[in-house]
Every structure is written in structure tokens, then in C-alpha cells.
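K.L.:
structure here, sequence nowhere to be found:
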């Protein structure tokens, strides 16, 4: 089902109900490789949502984390106050507004071609870690992304996926004030009609996930196995007090 179908089924103003084992497929960032999925999406009529960084798609600007050396450096930059992260990347030669020779994101034409089959939503402008930003920068990222995607691509934006899954009560308030209907996290787990729409959970899958990994994680078995493994490695938790 689509994200919009899920939200409609949650609403008390509709008789629509969530189907059993409903699954929503989402992709973050708007990488140019997403375009290769177009024929599959159209052929099988798979409803998916792609969250776009409005300041990167349709340009030759780059995703900042692709200008780091390794995962350790990326994680270290994510932990910095946003202004410090930006300055560190500037010293490495990366700027959010710089146009490079290569394109990393979906083009305007690709978005136009895909939008009849894909639900495009917001992933901020340049993908900063929102809780690390000043309130002014965080608000701009949330508001400008929505307005730019609607203005430049003719989209209806109602959802935002928090970059890196990081959010706080402040970000939730910013989304609500900007007119969003929901926010998607990277918190592991499943959603139902009682889940806070601005704290929607997701099951993360790596790009190279095989069929077995997809089945284990989306069925909920992965969560059970992790919990079982945690209990097994900490047997004292089961001793009577």
C-alpha cells in the first residue's frame, strides 16, 4: 500500500481500514539509481515513496556524505553541530551549493516521468542532521523543501523523512507548523493506527539485501531474534530477585 493509503486508513474520517500485513516501501535521498526502478514499479504497480532532497535533485550538486572517506568519518560528522560539519566539509572541498561535473541525484525529467507512479515526498533541502542545526536552519530545511518540491516539480508534499532518522520534539513541531501530515524516522519497528504519525517507524534494509534478509526483517522475525539474542547473552536478567 502507499503511504497516503496508510494515513487515510488511520483517519477517523474514512471507512478505509489497514489490510493485513500491509507494507509501505520507501527510499531516501532521491539517488539517480532510483530511476532504474521505473519499469519495475510500473509493470508490477508497486506503490513506493521516494523522499527527495530538494536542493540536490534536478542539479549537479552532491550529497555531502559521499565526500567522506569512510563510515567512521561520516558518523563523526553527523555528531558535530551543523555549522561545524559544514565548515569541515568546506575544508575538504565540498559545499552544498556547488555544482559538480557528475550528477548523483534524479534529474527534473526523471522526476517528471516517475511521478505518475511514485509518491515523491520531502527529505529536507541538503540533508543536514536536523537536531544538530540551529532552529532557524532546521525550520528553513523543513519549510523550503516542501515549498520547493511543490513549486518546482508540481508535487503535493505531506510527509518528511528525517535525515539519518534523527529528530526531536522540536523537529516534530516544525513539521506540524509547516503543514506536514507525518514524519518518518529510522526507529525500528512496525506501525498501526495508534502510532504517532510524526514518529513513524521503518525497517531498514541495505542496498544489497537478499530475499532472505527482506523476508526475515519485514516479517518481524528479525526483531524477535535480536531480542532473543539479547536475553541469551545476558542470562542474569532472568534470575529471580
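P.N.:
That came through, no problem. Computed from a predicted structure; not experimentally measured.

K.L.:
closest to the centroid, which residue in this protein?
P.N.:
residue 161 (3.8 Å; CA atoms, centre = their mean).

K.L.:
thought residue 28 was touching that one, still the case?
P.N.:
Yes - using CB atoms under 8 Å, residue 161 makes contact with residue 28 at a distance of 5.6 Å. No exception for glycine: its C-beta is placed from N, CA and C like everyone else's.

K.L.:
shared neighbours, the two?
P.N.:
Counting by CB atoms under 8 Å, 6 or more residues apart in numbering, the residues touching both residue 161 and residue 28 are 51, 123.

K.L.:
low-confidence ranges, the protein, go.
P.N.:
12-16, 220-241 (pLDDT under 70).

K.L.:
which residues in it form helices?
P.N.:
3-10, 38-44, 71-78, 82-91, 108-114, 135-153, 169-178, 211-218, 221-233 (DSSP state H).

K.L.:
and these as CSV, adding distance to residue 20 and mean neighbour count?
P.N.:
Below are the helices of the chain laid out as CSV (distance: least, CB to CB, whole Å; neighbours: other CB atoms under 10 Å):
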stretch, distance to residue 20, mean neighbour count
helix 3-10, 12, 18
helix 38-44, 20, 11
helix 71-78, 37, 14
helix 82-91, 42, 15
helix 108-114, 29, 16
helix 135-153, 33, 18
helix 169-178, 29, 16
helix 211-218, 14, 12
helix 221-233, 17, 11
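
K.L.:
which of those sits closest to residue 189?
P.N.:
helix 221-233 (7.1 Å; CB to CB).

K.L.:
let me see the contact set for residue 29.
P.N.:
Per CB under 8 Å, 6+ apart, neighbours of residue 29: 51, 52, 53, 56, 63, 105, 123, 127.

K.L.:
most neighbours of all those residues, which one?
P.N.:
Neighbour tally across the contacts of residue 29 (other CB atoms under 10 Å): the maximum, 29 neighbours, falls on residue 52.

K.L.:
skipping adjacent residues, who's closest to it in space?
P.N.:
residue 30 (4.0 Å; CB to CB, 6 or more residues apart in numbering).

K.L.:
that neighbour reaches residue 105, doesn't it?
P.N.:
Yes - counting by CB under 8 Å, residue 30 does reach residue 105; the two are 5.1 Å apart.

K.L.:
tell me, what's touching the two both at once?
P.N.:
Joint contacts of residue 30 and residue 105 (CB under 8 Å, 6+ apart) are 52, 53, 56, 57.

K.L.:
which of those residues sits closest to residue 67?
P.N.:
Taking those together and measuring to residue 67 by CB to CB, the closest member is residue 56, at 12.6 Å.

K.L.:
give me phi/psi at the closest one?
P.N.:
phi -110, psi -40 (degrees, to the nearest 10).

K.L.:
mind listing what it touches?
P.N.:
29, 30, 62, 63, 104, 105, 126, 127.

K.L.:
how close does the second one sit to residue 63?
P.N.:
When you say that, I think you mean residue 30. Going from residue 30 to residue 63 by CB to CB, to the nearest Å gives 9 Å.

K.L.:
one more: the first one?
P.N.:
Using CB to CB, we find residue 29 at a distance of 6 Å from residue 63.
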